[in-house]
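[1] Predicted structure and sequence below. I'll ask about it afterward.
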Amino acid sequence: MGPFDIGRVMAALPHRYPMLLIDRVESLVPDTSITAIKAVTINEGFFQGHFPGRPIMPGVLIVEALAQAAGVLAVESLGLAGSGKLVYFMAIDGAKFRKPVEPGVLLHLEATFVQKRATVCKFAGVAKVDGKVVAEANFTAMIADPPKAG
């Protein structure tokens, strides 16, 4: 499946600016894997303070972008798009950052299912720039109803 434009990404995820970190899904194989893209621009708010004179995308945001890609994979694979279900982080393991991510690049986000159940899924994620690995992590997420207002 794919590509998905930003409208379809936003239909799968509740995230919005400034926390929506996926611009496009290049491909999605249900129950298997996803490849998504984040266009990293100097206009990102975090570059003002991380770091002045040497802008670098924070590693936690790279992992968040991987998790959002995995969230789209889970929601699409489980047929939950438009259901209002949320995908919550439960664990991050083995996160490694190989190279700084600077403005002006396309961050390619690849996530694959390691284990898929109805409410808990495990993923392996790899982020690349120009075909080179810049970050990787394994993570676990829970699929749940949003908190009730009140």
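    Cool, the structure landed.
[2] Could you give the separation of the longest helix seen in the chain from the chain centroid?
    The longest helix of the chain (DSSP state H) is helix 59-77. Remark: helix 59-77 is offset 3 Å from the chain centroid, using Cα atoms, centre = their mean, to the nearest Å.
[3] repeat for stretch 125-144
    Distance, centroid of stretch 125-144 to centroid of chain: 7 Å (Cα atoms, centre = their mean).
[4] do the same with stretch 35-54
    15 Å.
[5] cool, stretch 94-106 as well?
    14 Å.
[6] Next up, the contacts around residue 8.
    Applying Cβ atoms under 8 Å, 6 or more residues apart in numbering, we find residue 8 in contact with residue 25. C-beta: built from backbone N, CA, C; applies to glycine.
[7] my read is it is in a strand, agree?
    No. With DSSP: H, G, I helix; E, B strand; the rest coil as the criterion, residue 8 is located in helix rather than a strand.
[8] ok, residue 116 - contacts?
    31, 74, 77-78, 122.
[9] what residue ranges in the chain score low on pLDDT?
    For the chain, no stretch has pLDDT under 70.
[10] hmm, try it at 80
    Scanning the chain for pLDDT under 80 picks out 1-2, 149-150.
[11] how about the strands in it?
    Here the chain has its strands, by DSSP state E, at 24-29, 33-40, 86-97, 105-116, 120-129, 132-144.
[12] Buried deepest among the ones you listed, which one?
    strand 33-40 (a mean of 22; mean count of other Cβ atoms under 10 Å).
[13] what about the closest residue to residue 45 other than its chain neighbours, neighbour count?
    Of all residues not flanking residue 45 in the chain, residue 18 sits nearest, at 5.7 Å (Cβ to Cβ, 6 or more residues apart in numbering). Residue 18 has 9 neighbours, counted by other Cβ atoms under 10 Å.
[14] Let me see the backbone angles for residue 18.
    Torsion angles at residue 18 (phi, psi; degrees, to the nearest 10) stand at phi -90, psi 10.
[15] Roughly how far does it sit from residue 46?
    8 Å (Cβ to Cβ, to the nearest Å).
[16] The nearest residue to residue 34 once chain neighbours are set aside: what's it in contact with?
    Excluding the flanking residues, the one nearest residue 34 by Cβ to Cβ, 6+ apart is residue 73, at 4.1 Å. With contact taken as Cβ under 8 Å, 6+ apart, residue 73 is in contact with 28, 33-34, 111, 113, 123.
[17] Alright, calling it a day.
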